[in-house]
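Student: only geometry, no sequence info:
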Ligand code: DI6
Ligand code: FE
């Protein structure tokens, strides 16, 4: 006899477990939930003896794992629509960055805003993600670039986790850009990020992972290695913005540190992809940034398939290269631009995104023992989640078995 708080029934399940039917699908499924955790899942006609305090009948709707946006810069001040206009006139992203705009202009705006202001604007953007089924979101720092402002961003991210109705994982992205006050002294900034800001943020419990931007316009392999050595010594997992604009050997660097993920990877080389496969590093695809930069070099998807590299898909929601706040639109872009199948795209926003955050024991599939984070959709087939571009498809979500 299973004693449950909630029975969810009369639904079709895309469990997203590996190895079985496409999408791990169960027609006419049922889920029993106790204390926010899935305690039984299967076909309705196989339901064991149970009691449930409540029953939700979903009238045949599809249920997927709650979507996981595993790469965002959701918290930032201001916006960069002016740069967008410049880029449409032909100025490149790198040129804008080199002339003191780009990330640094978001840094100025972010430093000026209070925690309440940053929280309010991030919560608005979060609405777009939640309306597209997101129940877990990763949020990076990296627009503060000095101690107080980096901590401020991370505190806002934690507050979103407490008050925003989503699970939040934070990443410290101190090596994102060189702050203007360190323009003539890179080494001192890297020292500060490594020896002062990261330990302070970690001591306050604000850091779930450490990220960096490895690129000629940002930080070198050696600089990132210093940060990653520190992360390792603090017991923190790492991830990397790798090979987005050029082949910087970022994929291999990420793999060398056993990174949870290497993100973007449009320009990653074959040796780097093989190293990711060996290290179990997830490749996070960010098709919104690809679109906004009018990039033409697609990430090596076929090579990742061949080597068994897990592929995740995320919005990269940020003010410069990816002002994208829709997870389902992102699935569409991943299919259209990178030729993922709709099933690969959905795996990239569920199971593989959970791996990219190191939380695959808790979320990412509909399985016994995992949290009951579920998205319920008004669709006829799971492929519709990738097919529509901007259509409202979500009925409701559950987080920890609670209907939101
Ligand atoms: N993620 C990043 O951190 C950079 N590009 C990307 O895809 C820059 C973000 C920005 O321009 O603010
Ligand atoms: Fe990013």
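Tutor: Sure thing, it's come through. All values reported here derive from a predicted model rather than from experimental measurement. Ligands and ions are numbered 1, 2, ... in the order given.
Student: helix, strand or coil for residue 380?
Tutor: Look at residue 380: counting by DSSP: H, G, I helix; E, B strand; the rest coil, its state is coil.
Student: I'd like to know which elements the host helix or strand of residue 345 is packed against.
Tutor: Following DSSP states H and E, one finds residue 345 within helix 342-348. Here helix 342-348 touches strand 311-313, helix 327-338, helix 384-387, going by 3 or more Cβ pairs under 8 Å, 6 or more residues apart in numbering; DSSP states H and E. No exception for glycine: its C-beta is placed from N, CA and C like everyone else's.
Student: who's in contact with it?
Tutor: 14, 16, 22-23, 64, 285, 311-313, 331, 334-335, 340, 382-383, 385-387 (Cβ atoms under 8 Å, 6 or more residues apart in numbering).
Student: Same question for stretch 288-301.
Tutor: 84, 87, 93, 244, 264-268, 270, 273, 283, 285, 311, 315-318, 321-324, 329-330, 333, 337-340.
Student: circling back to that earlier point, just the buried residues of the contacts of helix 342-348.
Tutor: 14, 16, 23, 64, 285, 311-313, 331, 334-335, 340, 382-383, 385-387 (16 or more other Cβ atoms under 10 Å).
Student: Which residues are in contact with the residue in the stretch 201-350 of the chain that ligand 1 sits nearest to?
Tutor: Going by Cβ to the nearest ligand atom, ligand 1 is nearest to residue 320 of the stretch 201-350 of the chain, at 2.2 Å. Shown in contact with residue 320 (Cβ under 8 Å, 6+ apart): 80, 83, 93, 102, 103, 106.
Student: burial count for the fourth one?
Tutor: Other residues within reach of residue 102, judged by other Cβ atoms under 10 Å, total 21.
Student: Filter the contacts of stretch 288-301 down to the buried ones.
Tutor: Buried, going by 16+ other Cβ under 10 Å: 87, 93, 244, 264-268, 273, 283, 285, 311, 315-318, 321-324, 329-330, 333, 337-338, 340, out of the contacts of stretch 288-301.
Student: Which secondary structure state is assigned to residue 55?
Tutor: strand.
Student: My read is that it contacts residue 5, right?
Tutor: No - if you go by Cβ atoms under 8 Å, residue 55 and residue 5 don't touch, sitting 10.6 Å apart.
Student: These two: which is more packed in?
Tutor: The neighbour comparison of residue 55 against residue 5 (other Cβ under 10 Å) goes to residue 5, with 18 against 12.
Student: Tell me if the more buried one really is in a helix.
Tutor: No - checked against three-state DSSP, residue 5 lies outside a helix; its state is strand.
Student: I'd like the helices and strands packed on helix 342-348 as JSON lines, with distance to ligand 1 and mean pLDDT appended.
Tutor: Output for those, formatted as JSON lines (distance: least, Cβ to the nearest ligand atom, whole Å; pLDDT from 0 to 100):
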{"stretch": "strand 311-313", "distance to ligand 1": "14", "mean pLDDT": "99"}
{"stretch": "helix 327-338", "distance to ligand 1": "13", "mean pLDDT": "98"}
{"stretch": "helix 384-387", "distance to ligand 1": "21", "mean pLDDT": "98"}
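Student: Of all the ones you listed, which one comes closest to residue 249?
Tutor: strand 311-313 (20.2 Å; Cβ to Cβ).
Student: so what secondary structure elements neighbour the closest one?
Tutor: strand 282-285, helix 301-307, helix 327-338, helix 342-348, helix 351-357.
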